[in-house]
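[1] A predicted structure for the sequence below; I have some questions about it.
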Amino acid sequence: MPNVDHFADLSTDMQDALLDYIALNFKVQSGYNRRHSAYGLKQHFVSTQGFPDQHVTSECFSEAMVAAGFKRKRTDESEPNWYFNARVPNVLKP
């Protein structure tokens, strides 16, 4: 299963599924949510959606969040990762 690093490189079906998932699960808030990063949110998406032929990376997920109207901010981690101005539902909380 190849990694897909950019939202524009996903199949149309996968783009639609990812944007639907974001619209269903997240709401814009004023500040950045530092409890959830792109990596963790992406992991939940991947585990709940059945697209075995494409692997969404954190970069791809963050581009989808921006396309859906959210802002992103780099985390302090050494690996590229982002926080978003997103309210996360209880079902996704650690």
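    Yep, that arrived.

[2] helix, strand or coil for S30?
    strand (DSSP: H, G, I helix; E, B strand; the rest coil).

[3] ok, it - contacts?
    Contacts for S30 (Cβ atoms under 8 Å, 6 or more residues apart in numbering) come out as N85. Glycine gets a C-beta too; all of them are placed from N, C-alpha and C.

[4] before we move on, what about Y21?
    F45, T48, Q49.

[5] Show me which positions of the host helix or strand of the first one end up buried.
    Looking back up the chat, that one is F45. Per DSSP states H and E, F45 falls inside helix 38-48. Neighbour-count burial for helix 38-48, counted by 16 or more other Cβ atoms under 10 Å, picks out A38, Y39, L41, K42, H44, F45, V46.

[6] What separation do you get for the residue nearest the centre of the chain and H6?
    What sits nearest the mean C-alpha location of the chain, by Cα atoms, centre = their mean, is F61, with 3.5 Å. Distance of F61 to H6, given as Cβ to Cβ, to the nearest Å: 11 Å.
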